[in-house]
Each structure stands twice: as C-alpha cells, then as structure tokens.
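K.L.:
sequence and predicted structure, then a few things I'm wondering about:
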Amino acid sequence: MTSRSTFASLVLASSLVIALAGCADITTEEPGLAVPTQTPEASPAEIAFEAGVGALEEKFDARVGVTVIDTGNGRPLDYRGDERFGYASTLKALAAAIILRDTTADERDEKLRWTAADVESSGYSPVTSEHIDDGLTVAELAEAAVRTSDNTALNLLLDYLGGPAELDVALNEIGDDTISVVNTEPALNTLTPGSDDDTTTPSAYANDLDSILGGDVLEQADIDTLLEWMGGNATGDALIRASAPEGWVVADKSGGAGGIRNDVAVVAAPGREPIIMVIFTERNDPDADYDDALVAGVAEVAFEAVK
C-alpha cells in the first residue's frame, strides 16, 4: 500500500479501499467482516494490550470497550468488544453513511429547513444554528453532523430517513443486528440501566466501518466523501488522533456526554493496510465527567499493539 503523510492522500488513494475490501490471508464469513483462518493463542502484544487497557480502567475508574481490526491480517484486538456501550455522537458517522448509500447526488442537493425551536431542543448545533433562515442541503447536513457533531443536523437526517427506527433497519441491512437506534439528540445520550436502547458494541461498530469503508455498502466516491468528512472531524484532536504515531493519518468520529467518551476511526499507516479502531468508554461513577485522556491512553496502548 502506498505511503501516506496527509489525510488528502488517504481520501484520494484507491488503495485504501482495495486494502479494506480485499485483505490477504483471510477468509470472509460475513460481508465486510475479516476473520483469520485460525485463532492463534494470544501474542505478547495482545497480552500487553489487555493489561494496558485494564490498567487504564483502574486508573480512570471506568469501563472500556475496544475493537481494533488490522485489515492487513484480519485479526482483531478486543477488550470488552462484545459488551454494550452508549454510542453517543458516533452514531452520526453511521447516519451519514446510510444517507450516502440511500440517496442520489440530486437528492442530496435538496435543501432542508428547520426552526430555532428545533435547534434549542437538540442541543449542541454550531452549524445549523447559523442557518435557520436559509437552510442547508442534505449533504451539508450530513457533513455538519460528522465534522462538527451538530445535533440538529443528525435529527434532521434521522427525520429524512424516516426516524431512528429506519436507521436501525438500514444498519441491520448491512449486517449489524446489534445496534439499537431508538432516540434522537440529545435523548440518545441518556441511557437506561438494563436497556439496549441507543447502545452497540465495539465489535459491531468496527464491523460496520469495515463493511462501509470496504466497498460492501458505498460506492467509491461516497467512501471518499465520508472519509473526507471524518478526516475533518473538529472534535477528535484529543482522542485517537492525539496518540497516533508520526505519519499515521486518522479519520474519526467522536462522541461524548456525561461519563461517556468515544472515538471511532480508520487509520492509514505508511506502508501498510488501514486499521479500524473503535474505543468506547464510560466512567463508573454516574456523576463523573468523561476524560479525553482515557481515550487517548487506550489508543496509545492499541497503537503499540499493532505497530
């Protein structure tokens, strides 16, 4: 795979998609899900990874879920990969992907409008709050949802798709029968103990990214668009990106509320196939706020394991 030093080259290089879609020495049991032909015993790097994440859980008094897929060998790293976490605003990347899948270029040029009350009820909306009078196109709303985590933009996209339940159905169609999309912003950030509503697992989300970016869901041009939006994420600099080795380029979507802090990413590393990294965290104390340093620390441990 061609070496990259900028995100622009990651978006433009077709080898990114080729590597995600057709990794060597693997079999594929489900579309987009790369699995090894055998499951070897844990390597020293994997043992160190689990110990490192466990130490961070103890240090930050938190629960952490991580799935990392090295698309070059198909072998995932997992720590609580099948446990449920609130996805928070990472949902916006999945919503944007389904918008790209289910609309034509002309449909994405349709302008939508909303009210000041819509913005007020949605919470954090740095882009849509500035366009109440003139509106934005469907494509511009999808970009705002991913790049700036605009809540009103997500709610408008969900409404455009037919509601949260329709996004859930669309994700089921691409092979995700784990995620449970129920609420809009900001209610999706408030979880009910014992309920699956507005949760997923790190493993399920990583497999979604593998399918979406591997060519099973989107056309090449739409993959490039989504990666460009994620590469311009304005809310992720202190997360996975902060721990990436020099020359490794991160395209991500972050999310957080209360004690929840998440980041999901596709990482382009020089001379190797891309890496998918999903990190979900939540503080054990329900009154504690999230800490970006926890996600950055987990990412550092994960990067060390896949170097």
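P.N.:
Cool, got the structure.
K.L.:
looking at this structure, which helix or strand is least sure?
P.N.:
Lowest on mean pLDDT, DSSP states H and E among the helices and strands of the chain sits strand 26-30, with a mean of 34.
K.L.:
which residues touch the helix or strand hosting L94?
P.N.:
According to DSSP states H and E, L94 maps onto helix 91-102. Applying CB atoms under 8 Å, 6 or more residues apart in numbering, the external contacts of helix 91-102 come out as 108, 138, 142-143, 145-146, 149, 153-154, 157-158, 160-161, 167, 170-171, 179, 181, 188, 198, 205, 208, 212, 217-218, 222, 225-226, 229-230, 253, 255, 264. (C-beta placed from N, C-alpha, C; glycine too.)
K.L.:
could I get the average pLDDT for stretch 82-100?
P.N.:
For stretch 82-100, the mean pLDDT works out to 98.
K.L.:
can I get it as CSV, trimmed to CA atoms?
P.N.:
Output of stretch 82-100 as CSV, limited to C-alpha atoms (Å, rounded to 0.1, in the frame of the first residue of the first chain):
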residue,chain,number,x,y,z
ASP,A,82,-19.0,-7.7,22.8
GLU,A,83,-20.2,-5.5,25.8
ARG,A,84,-22.7,-2.8,25.2
PHE,A,85,-21.9,0.9,25.5
GLY,A,86,-23.8,4.0,24.6
TYR,A,87,-22.7,5.1,21.2
ALA,A,88,-23.4,8.8,21.7
SER,A,89,-22.5,11.0,18.7
THR,A,90,-20.5,8.3,16.9
LEU,A,91,-23.9,7.4,15.5
LYS,A,92,-23.6,10.4,13.2
ALA,A,93,-20.9,8.7,11.1
LEU,A,94,-23.3,5.7,10.5
ALA,A,95,-26.2,8.0,9.7
ALA,A,96,-24.1,9.9,7.2
ALA,A,97,-23.0,6.6,5.6
ILE,A,98,-26.6,5.5,5.2
ILE,A,99,-27.6,8.9,3.7
LEU,A,100,-24.8,8.4,1.2
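K.L.:
in what helix or strand does E273 lie?
P.N.:
Per DSSP H and E, there is no helix or strand for E273.
K.L.:
check the gap between it and I69 for me.
P.N.:
10 Å (CB to CB, to the nearest Å).
K.L.:
what about these two, which has more around it?
P.N.:
Each of E273 and I69 has its neighbours counted (other CB atoms under 10 Å); I69 has more, 28 against 20.
K.L.:
contacts only, for the more buried one.
P.N.:
I69 touches A34, P76, A206, N207, D210, I275, I276, counting by CB under 8 Å, 6+ apart.
K.L.:
got phi/psi on it?
P.N.:
Main-chain dihedrals, I69, degrees, to the nearest 10: phi -110, psi 110.
K.L.:
the one 5 residues further on too?
P.N.:
Recorded main-chain torsions at G74 are phi 80, psi 0, according to degrees, to the nearest 10.
K.L.:
what is the neighbour count of it?
P.N.:
Other residues close to G74 by other CB under 10 Å number 20.
K.L.:
for the chain, which residues score under the pLDDT cut-off?
P.N.:
Low-confidence segments of the chain, defined by pLDDT under 70: 1-40.
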